[in-house]
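Q: got a predicted structure plus its sequence, pasted below:
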Amino acid sequence: MQTFLYIALILPLLPAILSLFLWKYMNLGQRWFAILLWFVVAISFAGEIWLWLGGESNLPFFHVYILIECLFIIRIFAFLLNNALTSTARYILSFGFSGLWLVNVLVGEGWRNYPDYIHALEALIILTLVFKWFLKMLREKTITRPQKTFEFWLCTGLLVFFSGNFLLFLFSEFLLTIEMSAYYAIWKLHIILNLVLYLIYTLALSLLEKRRHDSVKKE
C-alpha cells in the first residue's frame with residue numbers, strides 16, 4: 001500500500017514536467033491545465049513534507065487541493081465547451097462550489113476530517129462537464145479523429161477517475177466501519193485510478209508533443 005502511495009505522489013511530476021517542454025505549443029485552455037498540474041505537485045509534496053515534519057494530519061492540504069482542482073477544471077472546460085458553457089454558468093459553478101467548500105471547512109466537516117460530500121460534489125460537477133463535452137463532440141461532429149486529440153484524452157481520464165471514485169467519495173465515512181482488509185482493497189483501487197488518471201494526462205500531452213515535432217519539421 002505504501003509503495004502505491006509513493007508512486008501516486010511522484011507520478012503527477014511526469015505530465016507536469018512534460019507540460020513545461022510543450023508550453024509554447026499549448027492553447028490557453030491547455031496552459032491552464034499545465035498550471036493545474038504544478039499546483040497538484042506542489043500541494044501533494046507540501047502535504048507529505050508537513051507529515052514528515054511531524055504534522056498530525058495533511059487533510060487540510062487535501063481540502064485545498066479539491067478546491068483548486070475543481071476551479072481549474074471548470075475554467076479549462078470554459079475553453080473546451082466554448083459557448084456551451086456560458087460565463088454566467090461558469091461563475092455560478094465556481095462561486096457556488098467555493099461557497100459550499102468554505103461552509104464545509106468552517107462549520108461542516110472541518111479541516112481535519114475527510115471531505116466526503118464536497119469531494120463527491122466536485123466529482124458530480126466534473127462528470128457533468130465531461131458528459132457535456134462528449135455530447136457536444138457527437139452533436140457537432142467537428143472532430144473526425146477524437147482519439148488523436150488532447151481534449152478527448154483529458155475528458156476520458158476525468159471520466160474514468162471520477163466515475164470510478166464517485167461512490168467511494170460519497171460513502172468514505174461508511175467504509176471506515178467495514179473490515180480493514182476490504183477498506184484497504186477499496187482505497188488501493190482509488191490509488192490505481194489515480195495512477196491511471198495521470199498516465200492518461202501524460203498520453204493527452206504526448207499528442208501535443210507530436211504537434212511540436214510537426215511544427216519543427218515545417219520550420
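A: The structure has been received and is ready for your questions.

Q: tell me the pLDDT of the closest residue to Tyr198 other than its chain neighbours.
A: Of all residues not flanking Tyr198 in the chain, Leu11 sits nearest, at 4.6 Å (C-beta to C-beta, 6 or more residues apart in numbering). Every residue, glycine included, has its C-beta placed from N, CA and C. We have a pLDDT of 89 for Leu11.

Q: give me the residues contacting stretch 55-67.
A: 40, 43-44, 46-48, 50-51, 97-98, 101, 105, 111-115, 118-119, 122 (C-beta atoms under 8 Å, 6 or more residues apart in numbering).

Q: now do the helices in the protein.
A: 2-10, 13-22, 28-52, 59-81, 87-107, 116-140, 150-170, 172-175, 180-218 (DSSP state H).

Q: need the ones you listed in TSV with mean neighbour count, can you?
A: Shown next, in TSV, are the helices of the chain (neighbours: other C-beta atoms under 10 Å):
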stretch	mean neighbour count
helix 2-10	13
helix 13-22	18
helix 28-52	17
helix 59-81	19
helix 87-107	14
helix 116-140	17
helix 150-170	19
helix 172-175	14
helix 180-218	15
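
Q: compare those helices and say which comes out lowest on pLDDT.
A: helix 172-175 (a mean of 60).

Q: ok, Trp32 to Trp23 distance?
A: 12 Å (C-beta to C-beta, to the nearest Å).

Q: for Gly96, same thing?
A: 31 Å.

Q: ok, Ile66 next?
A: Remark: distance between Ile66 and Trp23 (C-beta to C-beta) = 26 Å.

Q: which residue is nearest the middle of this protein?
A: Glu69 (5.7 Å; C-alpha atoms, centre = their mean).

Q: okay but it is in contact with Leu37, surely?
A: No - in this structure Glu69 lies outside contact range of Leu37 using C-beta atoms under 8 Å: 10.4 Å.

Q: and the pLDDT for Thr149?
A: pLDDT at Thr149 comes out at 91.

Q: and it, what does it touch?
A: So Thr149 contacts 143, 207 (C-beta under 8 Å, 6+ apart).

Q: pull up the per-residue confidence for Thr144.
A: 75.

Q: so how many other residues sit close to it?
A: With neighbours defined by other C-beta atoms under 10 Å, the count for Thr144 comes to 7.

Q: against Phe131, how distant is it?
A: 21 Å.

Q: do the same with Val160
A: Val160 is 13 Å from Phe131, by C-beta to C-beta.

Q: same question, Gly29
A: 18 Å.

Q: contacts for stretch 103-110, please.
A: Outside stretch 103-110, the residues that reach it (C-beta under 8 Å, 6+ apart) are 63, 111, 115-118.

Q: save the residues you listed as JSON lines, and put in distance to Ile192 too.
A: Conversion of the contacts of stretch 103-110 to JSON lines gives the following (distance: C-beta to C-beta, whole Å):
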{"residue": "His63", "distance to Ile192": "23"}
{"residue": "Trp111", "distance to Ile192": "28"}
{"residue": "Pro115", "distance to Ile192": "21"}
{"residue": "Asp116", "distance to Ile192": "20"}
{"residue": "Tyr117", "distance to Ile192": "24"}
{"residue": "Ile118", "distance to Ile192": "23"}
